[in-house]
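> predicted model follows, preceded by the sequence.
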Amino acid sequence: MNRSVLVKFYLPYLLYGFMMFYANTFLWGFSAGPANIIPYITLISSLLLFAVASALYLFYPKAASVIALSSLIGLSFLEINFLSDLRWTLNLGNLLLVSTLFLYIYNLINSIVFLINYKKITQVSHLSRSLKIILASLPVVLILFWVMAVFF
């Protein structure tokens, strides 16, 4: 597992999961109370992608890819909602919507390709164990900061 694998899997999972968690909690389903189960599905999916799949990929890449793929399927509801809100004018909101779409497609393709070619991929870990633990604890620390900021 070299540094390019970190850029290819860990950072996109972390970034997309965080963006969808933020969008779900503050912009979409939980601002006035959820009307159905879809906001719960997307919230759990974004948390799994952000906190579990990104951290787990450093140690168990196949399990992380399975979790990421199921989370991305759960986040497809939110992504479809974003696409329906997309207007073809140049502004910051549309740039963020298009970037989430590209990250969604990128993560989906990478997870599927990784799971299909898992037997062919040989990964040699060049990262130290302490660096992996620090990177794996980053999502947990961000969630704890968010909980402290919201509830305290």
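Happy to help now that I have it.
> in this structure, what spans have low per-residue confidence?
Judged by pLDDT under 70, the chain has its weakly predicted residues at 1-5, 28-34, 88-90, 93, 120-125.
> tell me the centre residue of it?
Nearest to the centroid of the C-alpha atoms of the chain, with distances taken as C-alpha atoms, centre = their mean, sits G17, at 2.5 Å.
> contact partners of the helix or strand where that one lies?
Under the criterion of DSSP states H and E, G17 resides in helix 11-22. With contacts defined as C-beta atoms under 8 Å, 6 or more residues apart in numbering, helix 11-22 is touched by 42-43, 45-51, 53-54, 57, 64, 68, 71, 75, 78, 96, 100, 103-104, 106-107, 110, 138-139, 142. For glycine as for every other residue, the C-beta is placed from the backbone atoms N, C-alpha and C.
> before we move on, back to that, distance of the residue nearest to the centre of the chain from L86?
21 Å (C-beta to C-beta, to the nearest Å).
> ok, now I109?
For I109 relative to L86 (C-beta to C-beta), the value is 20 Å.
> do the same with A136
34 Å.
> among those two, which residue is more densely surrounded?
More crowded of A136 and L86, by other C-beta atoms under 10 Å: A136, with 17 against 12.
> mind saving the C-alpha coords of the host helix or strand of that one as CSV?
Assessed by DSSP H and E, A136 sits inside helix 129-151. What follows is helix 129-151, C-alpha atoms only, in CSV (Å, rounded to 0.1, in the frame of the first residue of the first chain):
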residue,chain,number,x,y,z
ARG,A,129,1.9,1.3,11.7
SER,A,130,1.8,4.6,13.6
LEU,A,131,1.0,6.6,10.5
LYS,A,132,-1.9,4.2,9.7
ILE,A,133,-3.3,4.6,13.2
ILE,A,134,-3.1,8.4,13.0
LEU,A,135,-4.8,8.4,9.7
ALA,A,136,-7.5,5.9,10.9
SER,A,137,-8.2,8.1,13.9
LEU,A,138,-8.7,11.2,11.9
PRO,A,139,-12.4,10.6,11.0
VAL,A,140,-13.2,9.6,14.6
VAL,A,141,-11.6,12.8,15.9
LEU,A,142,-13.6,14.9,13.3
ILE,A,143,-16.9,13.2,14.4
LEU,A,144,-16.1,13.8,18.1
PHE,A,145,-15.4,17.5,17.3
TRP,A,146,-18.6,17.7,15.4
VAL,A,147,-20.6,16.1,18.3
MET,A,148,-18.9,18.5,20.8
ALA,A,149,-19.7,21.5,18.7
VAL,A,150,-23.3,20.6,18.1
PHE,A,151,-24.3,19.4,21.6
